[in-house]
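Peer 1: Pasting the sequence and the predicted coordinates here, then a few questions.
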Amino acid sequence: MSFAFTRVGLGRRLAAITLDWLACYAIVAASIGGIGKMSPTHSWSVLGLFFLEVGILSALQGATLGHKIFGMKIVRYSDGGAITPLAALIRTSLLVLVVTAITFDEDGRGIHERLSGSVLTRS
């Protein structure tokens, strides 16, 4: 049995992940001297920073920068409590694969949420 949660629509999810990605892109671009100096190899740096940002912030505060701004939080699906660091790692690892994040079940949860035992709710 799971706790009752308020679903988060796809629009909010996309806005939050876009904001997180753009923040990581801006940090990498600023660290190398500007957008004009970005090369295709810097995409891996952006992805690495995105992985760290999402993983660390999810584990420590239950929300990324984008989640906070758009009024969302990550909780355990079973009881609404804080997710564990292991759940944050599983969720983030599957999130960066993209396909697990855009494939939803009947509850509106992505595969990355299902396998990590988490759910994104309104805060």
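Peer 2: Cool, got the structure.
Peer 1: Would you mind measuring from the residue nearest the centre of the chain to S123?
Peer 2: Taking C-alpha atoms, centre = their mean, the centroid of the chain lies closest to V54, which sits 5.1 Å from it. Computed as C-beta to C-beta, to the nearest Å, the V54 to S123 distance reads 17 Å. To be clear about C-beta, it is placed using only N, CA and C from the backbone, and glycine gets the same treatment.
Peer 1: Also V8?
Peer 2: V8 is 10 Å from S123, by C-beta to C-beta.
Peer 1: Name the residue in these two with the higher neighbour count.
Peer 2: Counted by other C-beta atoms under 10 Å, V8 and S123 do not tie: V8 has more neighbours, with 21 against 15.
Peer 1: does the nearest residue to that one once chain neighbours are set aside sit in a helix, a strand or a coil?
Peer 2: Nearest residue to V8 in three dimensions, chain neighbours excluded: L120, at 4.8 Å (C-beta to C-beta, 6 or more residues apart in numbering). Per DSSP: H, G, I helix; E, B strand; the rest coil, the secondary structure class of L120 is strand.
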